[in-house]
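Novice: Here is my input, please return the structure:
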Amino acid sequence: MQPVDTARFERAIAAIDAANAEDPYDKELRHSELATKWVRRLRPDATEALLLAARAHHIRRWAVPRPSYPEGRAGYLRWRRDLQRAHADDVSRILAAEGYDDATIARVQDIVRKRNLAGDREVQAFEDALCLVFVEDQLAEFSTRVDEAKLADIVDKTLDKMSPEGRRLVNELLSR
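Specialist: Model prediction:
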């Protein structure tokens, strides 16, 4: 991987932000900023690849709408897999245009696609950040749309994906 080129990094972030600013639902830019904030909190030593992945985690998410997939768990999982692929492809085009090398692009794609979640500290920090964004910014509204049992199940599944540090930060958020 290449050494950090601050100007190139800032251009890549600006290009990712520009793509997210096209969101017709006006939320992906905010979520990408929150994910970046949480990654920096979880990993003050975050690599350039991890920061780029955090910023691009839902890049152009609206382009792959959930209603275009079947209802139920199988449809949901297929949608999520296809989203990860689309996000990885979208960010790779931006990074290539900004002059990133293949190794950095592949690393960002691996993080976005959550490859080796159980064995890769950066991928785990990425997952923790995404879960923290959900708890901080989406959980309250989400709780108005589902019954209590479904909400408890979703919260349990969210916590199960997180590291001990991520769970500690969730508790901190919820105790405010």
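
Novice: The helix or strand harbouring H87 packs against which elements?
Specialist: Under the criterion of DSSP states H and E, H87 resides in helix 72-97. When contacts are defined as 3 or more Cβ pairs under 8 Å, 6 or more residues apart in numbering; DSSP states H and E, helix 72-97 packs onto helix 6-21, helix 48-56, helix 102-112. Quick note: C-beta positions are derived from backbone N, CA and C, even for glycine.

Novice: Please identify the most buried of the ones you listed.
Specialist: Comparing these by mean neighbour count (mean count of other Cβ atoms under 10 Å), helix 48-56 ranks first with a mean of 26.

Novice: Could you tell me which residues within the helix or strand of the chain with the lowest mean pLDDT count as buried?
Specialist: None of the helices or strands of the chain scores lower by mean pLDDT, DSSP states H and E than helix 139-143, at a mean of 89. Judged by neighbour count (16 or more other Cβ atoms under 10 Å), helix 139-143 contains these buried residues: L139.

Novice: what sits against Q109?
Specialist: 88, 91-92 (Cβ atoms under 8 Å, 6 or more residues apart in numbering).

Novice: Next one: it from A125, what distance?
Specialist: Noted for Q109: a distance of 16 Å to A125, by Cβ to Cβ, to the nearest Å.

Novice: Spatially central residue in this structure, please.
Specialist: For the chain, the residue nearest the mean C-alpha position is H57 (3.4 Å; Cα atoms, centre = their mean).

Novice: Pass me the low-pLDDT residue ranges in this protein, would you?
Specialist: 1-3 (pLDDT under 70).

Novice: who wins for neighbours among the contacts of Q109?
Specialist: Ranked by the number of neighbours (other Cβ atoms under 10 Å), the contacts of Q109 place V91 first, at 27 neighbours.

Novice: right, and it touches A53 too?
Specialist: Yes: counting by Cβ atoms under 8 Å, A53 is a contact partner of V91 at 7.4 Å.

Novice: Between the two, which contacts overlap?
Specialist: Common neighbours of V91 and A53 (Cβ under 8 Å, 6+ apart) are 108, 112.

Novice: nearest spatial neighbour of A49, skipping sequence neighbours?
Specialist: Leaving out its chain neighbours, the residue that sits closest to A49 by Cβ to Cβ, 6 or more residues apart in numbering is R107, at 4.2 Å.
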